[in-house]
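Student: dropping the sequence and predicted coords here.
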Protein chains: 2
Amino acid sequence: MSDDTKPVENGARNRHIILTSHPTGHQKPIALKWGAASAKERGPVVGTLGAGGQRNAIGAHSGSYALYRALAVASGALSPEHKPDLTNTTPATTIGPNPQWSDPSKIVSLDPFGHTVTESFAEHIAAGLDIRPTIAVTKARLTVPELLGEISSGRLHPDGSILLESGEANVTKVAIEPVWHLPGVAQRFGTAEAELRRTLFEQTGGMFSELVTRPDLKVFLPPIGGVTVYIFGDLAAIADPACHVACRVHDECSGSDVFGSDICTCRPYLIHGIDGCIKQAQENGVGIIVYNRKEGRALGEVTKFLVYNARKRQAGGDRADAYFERTECVAGVQDVRFQELMPDPLHWLGVTRIDRFISMSNMKYDAMVQQGIEIVERIAIPDDMIPEDARVEMEAKKAAGYFSEGTAPAPEELSDTRGRDLQDY
Amino acid sequence: MSDDTKPVENGARNRHIILTSHPTGHQKPIALKWGAASAKERGPVVGTLGAGGQRNAIGAHSGSYALYRALAVASGALSPEHKPDLTNTTPATTIGPNPQWSDPSKIVSLDPFGHTVTESFAEHIAAGLDIRPTIAVTKARLTVPELLGEISSGRLHPDGSILLESGEANVTKVAIEPVWHLPGVAQRFGTAEAELRRTLFEQTGGMFSELVTRPDLKVFLPPIGGVTVYIFGDLAAIADPACHVACRVHDECSGSDVFGSDICTCRPYLIHGIDGCIKQAQENGVGIIVYNRKEGRALGEVTKFLVYNARKRQAGGDRADAYFERTECVAGVQDVRFQELMPDPLHWLGVTRIDRFISMSNMKYDAMVQQGIEIVERIAIPDDMIPEDARVEMEAKKAAGYFSEGTAPAPEELSDTRGRDLQDY
């Protein structure tokens, strides 16, 4: 099982380091049948270190926060043997099972049974196996400052349950950690599983050699951010064909979502999404916001800020006609959000039709339709919600094929749509 | 250099996979002298794959987004040979050099020259080496909805430059990717470097075997979220002893920061921090918000929501006297944010004294003082900004030693401070 062992320098424990592992006859990873009809038949995802050879997943729990857990062990703050006490942590409301859970091609980037582990795999846990939830479902009351304005302007009306007089809103919210079934992920991207495994390993600078040495382990817990789902109204409406579903899929943009930077439409569109979700929930339906941790089109915030500077300093200033080009110069690609995996949380919730899709993105629309989710109507952001400096982004996107209710801008309009210069802040 | 080579299955390229690397006489990583007085003497951090044996860092650029870049290569959207065109991307304002940059113990978790690579390492780049910025500096105009309310209530006054009549604020903002100097990180945590390397490798389920096989490579680019710094007012005030510095160090909480969940004080305290920063900038000083991507005390959002459920369902309901205990049951530890590394962005900016520290956290205060940054005054969140359901958190923290202007609550007050039940949403 050990590729290489070497003595450890000062201070470290005196035992061999196992650099990678290989499939052997000795170890018996817990059986896992992705897409099986029941949790029992599917088997648990086992990604904890204490499980030893019974582990059936590559990587570690908590996405990128696994590294902080490792730091906690290194600093002596956390015992490496700690097993969670999951008393009282089960979902605040029931979700599923839904038919999509037993179609191995419908859900490939999360564990549909991730919120039910204490119940679904009680026998394994009682036998001492450390199985962890990868999904948590709770309730929350939201205080979004813009909603009070929406009430006083008459765009929203409190109902005392979904939206209160105070402007607060009640939701069910769900945190989802990434759990990738590698054969399914490869299929979504039209590549071979072995090629995907190898490229993920090599292009990250050598992250998780088990991606290549353990082709028998089909599940990967990648160290990336997860997904949060906010549900307004009654979840049962999803399964009722007479009810309507509104949905916004929002990719994180901390600069706008938290701090309100006016260079993009992210927070305004999110607020418009929340508005639409509340209205739909009040009209005998349900509203769903899916919030993905994919900062800066999943290129990260350093690349994003470098691109802002390049846009504002280029000859002719920040222009809609050069919007996408600048990202491509810096990053080599316009966008790496890969909407291919995005529909999974909606499949998990049982959504088959979105009546009001609050997004202009053609990439999101295409991915949703490709995955068999019908979209009835697409909702653009109202013109009066677009910050002045964000018109560069908006016009560039419309010209590139994003949905809009008007006509796409002509080339001369694109070069005339200008943003603020760096010295004008 | 290859520990193990194996043929790759269907579809993959027909060449050997290098599972890990070892120090050899053949490869010559670019020399790196952490804490050297100048960029030239220090040398560039080289973390790109194209650099081959010249690489002097373990891991990959962009924190956890490295995985999306790898997906882009796997899907054929990005050439693995792409080199960024960094034209016009340099900082929108000059930062440093500061004396702290040449003290190897002051900065251990970011590259102080990370924003100046095109200038500092122009010769290396001209010679074809792919060196990437790990810090980007730009300008932004913020539209924070609460600020308009602060203006109309007379708590804030527009000045036409830092704060506009419209309620918008101008800032310099900085994105910072993690760059860890492993000997320095080990020292902050009071552990041996070899022990730190081994634990990071093993406790993440085998992430980056070079952590153990390449003791000659001292720098690690971990796949975690980074830091964003928002600066209100004139940066030059930091170096002027006659000027004052206000600062809030804020750890991300998407549920409150973006969606305004009322179970915690995160967004209200952030707004109070922005208020304080604007006021300080208007009074011949500067205000600094440091925003760290450490969701749910760096335990992640799934753990956070599991804990919410456990708190609200325990016997006696959600109570201040059982607040910390519930996190510890689930996660094995109350908090893994590790404020030990937190002061680094302030060292990088040249901060030696914070006149108004807008935080009640004793962990943040202790870390700052330990790192030699003087704190003159600590600012609590005003009582009228604390959401009703967040009193459980607030009272528990005060009892645990967080700073407050009043007296810490007595045991019976703690058990009397109750939050909402799950059925009351």
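Tutor: It's in. Numbering: from 1, shown residues only, chains lettered A, B, ... in the order given.
Student: report pLDDT for the closest residue to residue A:382 other than its chain neighbours.
Tutor: Distances taken as CB to CB, 6 or more residues apart in numbering or on different chains place residue A:272 nearest to residue A:382, at 6.8 Å, with adjacent residues excluded. Quick note: C-beta positions are derived from backbone N, CA and C, even for glycine. pLDDT for residue A:272: 98.
Student: burial count for residue A:272?
Tutor: Number of residues near residue A:272 (other CB atoms under 10 Å in any protein chain shown) recorded here: 20.
Student: looking at it, it is touching residue A:358, isn't it?
Tutor: Yes - taking CB atoms under 8 Å as the definition, residue A:272 is a contact partner of residue A:358 at 6.4 Å.
Student: overlap in contacts of those two?
Tutor: A:248, A:379 (CB atoms under 8 Å, 6 or more residues apart in numbering or on different chains).
Student: can you list the residues of the stretch 301-425 of chain A near chain B?
Tutor: A:301-310, A:313-314, A:329-333, A:336-338, A:387, A:389, A:420, A:422, A:425 (CB under 8 Å from any CB of the partner chain).
Student: make sure the residue nearest to residue A:382 is indeed in a helix.
Tutor: Yes - per DSSP: H, G, I helix; E, B strand; the rest coil, residue A:272 lies within a helix segment.
Student: wait, what's in contact with it?
Tutor: Counted by CB under 8 Å, 6+ apart, residue A:272 has contacts A:248, A:358, A:379, A:381, A:382, A:385.
Student: roughly how far does the second one sit from chain B?
Tutor: This means residue A:358. Residue A:358 is 16 Å from chain B, where distance means CB to the nearest CB, to the nearest Å.
Student: how about residue A:209: what's its closest non-neighbour residue?
Tutor: Residue A:209's closest residue in space is residue A:20 (CB to CB, 6+ apart), at 4.1 Å.
Student: and what of residue A:218?
Tutor: Nearest residue to residue A:218 in three dimensions, chain neighbours excluded: residue A:182, at 5.5 Å (CB to CB, 6+ apart).
Student: kindly report the same for residue A:241.
Tutor: Leaving out its chain neighbours, the residue that sits closest to residue A:241 by CB to CB, 6+ apart is residue A:353, at 8.0 Å.
Student: dump the residue contacts of the one you found.
Tutor: Per CB under 8 Å, 6+ apart, neighbours of residue A:353: A:241, A:245, A:373, A:374, A:375, A:376.
Student: identify the bridge partners of it.
Tutor: On the basis of DSSP bridges, residue A:353 is bridged to residue A:374.
Student: so which elements touch the helix or strand bottoming out on mean pLDDT in chain A?
Tutor: Least confident helix or strand, chain A: helix A:411-416 with a mean of 89, by mean pLDDT, DSSP states H and E. Counting contacts by 3 or more CB pairs under 8 Å, 6 or more residues apart in numbering or on different chains; DSSP states H and E, helix A:411-416 packs against helix A:391-399.
Student: and the helix it packs on, what other elements does it pack with?
Tutor: Helix A:391-399 packs on helix A:323-331, helix A:411-416, going by 3+ CB pairs under 8 Å, 6+ apart.
Student: other residues contacting that helix?
Tutor: Residues contacting helix A:391-399 (CB under 8 Å, 6+ apart): A:263-265, A:311, A:318-321, A:323-324, A:360-361, A:381, A:386, A:404, A:406, A:408-409, A:413-414, A:417-419.
Student: ok, now with 6 Å
Tutor: The contact list for helix A:391-399, computed with CB atoms under 6 Å, 6 or more residues apart in numbering or on different chains, reads A:264, A:318, A:320, A:323, A:386, A:404, A:408, A:409, A:414, A:417, A:419.
Student: ok, now stretch A:148-161?
Tutor: A:164, A:165, A:167, A:275, A:282.
Student: just stretch A:320-335 next, same as before
Tutor: A:297, A:299, A:303, A:306-307, A:310-311, A:392, A:395-396, A:414-415, A:417, B:72, B:77-78, B:82, B:84-85.
Student: can I assume residue A:199 is in contact with residue B:73?
Tutor: Yes - under the criterion of CB atoms under 6 Å, residue A:199 makes contact with residue B:73 at 5.4 Å.
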